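Student: Test case, fold it:
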Amino acid sequence: MTFEDNIGNICVINGEILPQENLKLYTQDKYLAFYEVIRIIKGIPLFYDNHYTRLKSSMDKSSYELELSKKALKDQIQKVCELNKLSNCNIKVIVLQYGTEQIVLIFVNKFYYPTKQEYDYGVMCCTINLKRSNPNIKMIHVGYKEEIKRVSDEKNVFEVLLVNDKGKITEGSKSNTFFVKGNKIYTSPEDYVLMGITRQYVIDVCTNLGYEVIETLIGIDSLTSFDAVFITGTSIGVLPVRTIDDYVLDSANDHTTQHVMASYNSLVISYINDN
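Tutor: Okay, here's the model as predicted:
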């Protein structure tokens, strides 16, 4: 494991405030590494309770128990932000497990928030035949991460969409996918994806807006029958897709996509104001 995605000067390791160089002590492959990336807006960890619950659930499914309390973890996250003098950033929480030993690392994670142009025009995506092992457990898999980076760099795309052996798109490498056709919005069933926190909030938004959400896998060969595609994630919120391989979509100008995007953004603003 490497920590090239750390961009802060100060980290917290098992509650102790330390220089970021100390992360290098935990590069051994012996650890299982469970993690969450949490967006911080105006000093507030967005959807924090959901992130804590998912981290705990990932560990439970591997027969481990998260020892750090919800409040203690939140306090340490906010401490990392304060010490690095950042109020808008992404924080990564990694829980390393080796036998009964548990180590919690918290640091500022490299982040990229899409530009206005990317929201206005959509982003480029490509597909790859790849399956995430244990998609419902959020763990670090070095080989998977390296392959995604290789393809992303080679194709010069914003996101890589995973396709199973039946030609169905399951999810993005760091996002969930939604396909729009009229008043119906399609997304992959929970069994096939990492259940993104943004994904669930977006599903709720879609339902509240009166759209029918259908959980089913979509094949690459049926992309031309959809009006739009958007992806969702911690850093991107709701982001329109312009291309998938050679397929071109006008997702950014699709009314349904714009409606969902605006409503989700309002939800985030309300959450920050309430907290």
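Student: residue contacts, the closest residue to G233 other than its chain neighbours?
Tutor: For G233, ignoring the flanking residues on the chain, the nearest one in space by CB to CB, 6 or more residues apart in numbering is S175 at 4.1 Å. Bear in mind the C-beta positions are built from the backbone N, C-alpha and C, glycine included. S175 makes contact with 159, 196, 231-233, 236, 239, according to CB atoms under 8 Å, 6 or more residues apart in numbering.
Student: can you give me the strands for the stretch 101-250 of the chain?
Tutor: For the stretch 101-250 of the chain, applying DSSP state E, counting those that start in this stretch gives strands covering 101-109, 123-129, 159-163, 168-172, 176-181, 184-187, 212-215, 218-219, 228-233, 237-244, 247-248.
Student: quick one: which of those is nearest D75?
Tutor: Across the strands of the stretch 101-250 of the chain, D75 has its closest neighbour in strand 101-109 (10.4 Å, CB to CB).
Student: Which elements pack onto the closest one?
Tutor: Under the contact criterion of 3 or more CB pairs under 8 Å, 6 or more residues apart in numbering; DSSP states H and E, strand 101-109 touches strand 10-13, helix 70-83, strand 89-98.
Student: Kindly reformat these as JSON lines and extend each row with mean pLDDT, distance to K61 and mean neighbour count.
Tutor: Formatted as JSON lines, the helices and strands packed on strand 101-109 follow (pLDDT from 0 to 100; distance: least, CB to CB, whole Å; neighbours: other CB atoms under 10 Å):
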{"stretch": "strand 10-13", "mean pLDDT": "98", "distance to K61": "25", "mean neighbour count": "21"}
{"stretch": "helix 70-83", "mean pLDDT": "98", "distance to K61": "18", "mean neighbour count": "17"}
{"stretch": "strand 89-98", "mean pLDDT": "97", "distance to K61": "12", "mean neighbour count": "21"}
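Student: export the ones you listed to JSON lines and tack on distance to N183?
Tutor: Converted to JSON lines, the helices and strands packed on strand 101-109 look like this (distance: least, CB to CB, whole Å):
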{"stretch": "strand 10-13", "distance to N183": "46"}
{"stretch": "helix 70-83", "distance to N183": "38"}
{"stretch": "strand 89-98", "distance to N183": "34"}
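Student: Among the strands of the stretch 101-250 of the chain, show me which one is buried the most.
Tutor: Counting by mean count of other CB atoms under 10 Å, strand 228-233 has the highest mean neighbour count of these, with a mean of 26.
Student: Test of understanding: give the bridge partners of the closest residue to E118 other than its chain neighbours.
Tutor: Closest residue in space to E118, ignoring its immediate chain neighbours: L239 at 6.8 Å, by CB to CB, 6+ apart. For L239, the beta-bridge partners under DSSP bridges are I231.
Student: Equivalent analysis for V37, please.
Tutor: With DSSP bridges as the rule, V37 is bridged to K92.
Student: Would you mind giving the domain segments of the chain?
Tutor: The chain breaks down by automatic domain parsing into domains covering 10-109, 116-274.
Student: so E118 touches F158, yeah?
Tutor: Yes - under the criterion of CB atoms under 8 Å, E118 makes contact with F158 at 7.2 Å.
Student: Compare the two and say which is more crowded by neighbours.
Tutor: F158 (22 against 18; other CB atoms under 10 Å).
Student: residues contacting the residue nearest to the more buried one when sequence neighbours are not counted?
Tutor: Among residues not flanking F158 along the chain, V123 sits closest, at 3.7 Å (CB to CB, 6+ apart). Counting by CB under 8 Å, 6+ apart, V123 touches 114, 157-159, 231, 239-242.
Student: Give me the distance between the residue nearest to G233 and G219.
Tutor: Distance of S175 to G219, computed by CB to CB, to the nearest Å: 19 Å.
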